[in-house]
Structures are given as C-alpha cells and as structure tokens.
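In: structure for the following, please:
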Amino acid sequence: MDLVRFGKGFNPLSPNALSTLVEYATTLVTGVVPSILYPRILSIQNGRNKTPATPAELCAVEFTSSPTLGVAIKLLEAFSTQNGSHVYRPEMLRCILRTGPGAQSSLGPQYF
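Out: Predicted coordinates:
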C-alpha cells in the first residue's frame, strides 16, 4: 500500500482501522508482526498479559479505545522506535509523522 492510497483511504473510525494501520506499518518498519500484536492487544485489554506492554502495544490499545489520527500517528512513531525495529521507508514515515496534530484540520478527524 502506498502513502497516497493509505492517506486517502484511512479512516480511524472504520471497524478495520487498526488492521489497516498495522498493515501499512508493516510496509514501513520491520518488527511489526500482526499475528503477535493482535493477541497481545487482547491480552493487555483483558489484563492477562504476563509481560509488560511495550510502548507500541500501549499505543495500539489506546487506538482501539480512542481511534483518532493523533493516536494513529503516535502508534506509527512507536512502531518505528521500538527495540529491534528498522525503518526501511523513512521518507514515507516522515511524511506521516509531520502531519502530526494538524492532521485533524478542515477535512475532519478521519482524513490525512
């Protein structure tokens, strides 16, 4: 998925917003593994996690309860700074991170 398609199609209020965001993150950053992340989110939400949540996992949990562009951007940033990750498309990640809080401007909260 390219940046333009992601930016046009991402709606944090849609039912599949987290999976869309995580799928896009896998194209930018190494170490984002959906098959590990989703069960961890559920475990953390239910208080059954045996190991402490990482900053990225906490952001993902926050996104599930507060799906905004600000939290989505925070999650992408957390993925990029987690231990062992490598950003292999830094220019695309920078474009998203630069939108920052202004992402919720005149078009509303669901559009980049």
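In: quick one: least confident helix or strand in the protein?
Out: Of all the helices and strands that make up the chain, helix 3-9 has the lowest average by mean pLDDT, DSSP states H and E, namely a mean of 82.
In: which strands or helices does it pack on?
Out: Helix 3-9 makes packing contacts with helix 17-26, helix 90-99 when contacts are defined by 3 or more Cβ pairs under 8 Å, 6 or more residues apart in numbering; DSSP states H and E. In this view, the C-beta of every residue, glycine as well, is placed from N, C-alpha and C.
In: and it, which residues are buried?
Out: For helix 3-9, burial by neighbour count (16 or more other Cβ atoms under 10 Å) applies to Leu3, Phe6, Gly7.
In: stretch 38-45 too?
Out: For stretch 38-45, burial by neighbour count (16+ other Cβ under 10 Å) applies to Arg40, Ile41, Ser43, Ile44.
In: before we move on, which element is the second one in?
Out: Under DSSP states H and E, the secondary-structure element containing Ile41 is helix 34-45.
In: now that helix against helix 17-26, angle please.
Out: Between the axis of helix 34-45 and that of helix 17-26 there is an angle of 130 degrees, by axes from the mean of the first three to the mean of the last three Cα atoms, to 10 degrees.
In: packing partners for whichever helix or strand comes after helix 34-45?
Out: Beyond helix 34-45 on the C-terminal side, the first helix or strand identified by DSSP H and E is helix 55-65. With contacts defined as 3+ Cβ pairs under 8 Å, 6+ apart, the packing partners of helix 55-65 are helix 17-26, helix 34-45, helix 69-81.
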